[in-house]
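> using only what follows, build the 3D model:
(one chain, ligands or ions: 1)
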Amino acid sequence: MKIGVRTILRIASSGLVVLVVLAQFVRPAKTNPIVQADRSMQAHVKIPDDVAALLKRACADCHSDETVWPWYSNIAPVSWFVIDHVNHGRKHLNFSEWQNEAQSIPTRTLDHRLEEILKEVKSGGMPLSSYTLLHPEARLTDQERDRICNWASEERRRIVRRLKKAGRLTLIESLC
Ligand code: HEC
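Predicted coordinates for the structure are as follows:
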């Protein structure tokens with residue numbers, strides 16, 4: 001029996017449709033845990049309104065519990081990537097859970113967290129480019145990156161001063 005190209009294409013495309021339909025049933029959990037203001041970064045770090053607005057615009061979807069889930073986060077397989085990014089992002093850095101961790105970690109680690117923010121913003125590693133492709137409003141200009149960097153440096157200096165006062169010196173690197 002001869003099978004024409006058209007038949008093959010028809011079978012392949014209906015196979016694809018079936019796969020996409022089946023994929024919709026695989027739904028990883030999309031969460032927005034309840035936010036407690038006293039645990040947030042704002043409650044524990046001095047952060048001017050304009051910097052807070054930048055972090056909210058460019059980072060909060062993946063690094064806070066206040067994610068605004070986009071419509072395509074409902075459609076597999078795209079949803080799998082989006083949910084995975086948010087879960088991973090929150091695990092590394094969560095603006096809504098600053099205090100929770102701070103209770104069990106030394107000030108030194110808070111400094112490290114600011115250092116990581118500084119490095120990611122300075123190097124252009126964050127926000128992820130796959131995100132800014134679909135969220136152009138989250139792109140940061142060079143001035144905005146400098147603003148975040150300078151704020152993070154300032155906060156790090158404050159933390160180090162506090163450590164010195166307490167007789168615990170630390171190294172401070174990569175300031176803006
Ligand atoms: C689209 C989601 C997304 C956005 C938006 C985003 N991040 Fe991330 N971020 C991630 C993920 C996912 C990781 C985990 C590491 C990785 O896979 O690269 C991460 C990791 C990090 C880390 C930890 C790096 C490390 O080595 O531990 C820092 C710091 C960070 N991001 C800062 C930021 C800042 C600051 C912004 C905003 C300017 C931002 N991110 C925007 C998803 C995001």
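
> let me see the mean pLDDT of stretch 164-176.
For stretch 164-176, mean pLDDT is 61.

> same question, stretch 139-148
Stretch 139-148 carries an average pLDDT of 97.

> what parts of this protein come near the ligand?
58-59, 61-63, 85, 88-89, 92-93, 116-117, 120-121, 126-128, 131 (C-beta under 6 Å from any ligand atom). Heads up, the C-betas are built off the backbone N, CA and C, glycines and all.

> out of those, which end up buried?
Buried subset of the residues of the chain next to the ligand (neighbour count, 16 or more other C-beta atoms under 10 Å): 58-59, 61-63, 85, 89, 93, 117, 120-121, 126-127, 131.

> which residues sit against stretch 62-77?
Stretch 62-77 is touched from outside by 20, 23-24, 26-27, 30-35, 55-56, 60-61, 78-79, 82-83, 85-86, 88-90, 92-97, 127-128, 131, 134, with contacts defined as C-beta atoms under 8 Å, 6 or more residues apart in numbering.

> what count of nearby residues applies to Gln24?
For Gln24, the count of nearby residues is 12 (other C-beta atoms under 10 Å).

> and what of the one 4 residues further on?
Using other C-beta under 10 Å, Pro28 has 12 other residues around it.

> helix/strand/coil for the nearest residue to it once chain neighbours are set aside?
Nearest residue to Pro28, sequence neighbours excluded (C-beta to C-beta, 6 or more residues apart in numbering): Ile83, at 4.8 Å. Three-state assignment for Ile83 (DSSP: H, G, I helix; E, B strand; the rest coil): helix.

> can I assume Ile83 is in contact with Val26?
No: Ile83 sits out of contact with Val26 when judged by C-beta atoms under 8 Å, with a separation of 10.8 Å.

> who has more neighbours out of those two?
Ile83 (19 against 10).

> give the contact list for that one.
Listed by C-beta under 8 Å, 6+ apart, the contact set of Ile83 reads Pro28, Ala29, Lys30, Ser73.

> drop anything exposed from the residues you listed.
The neighbour count (16+ other C-beta under 10 Å) marks Ser73 as buried among the contacts of Ile83.
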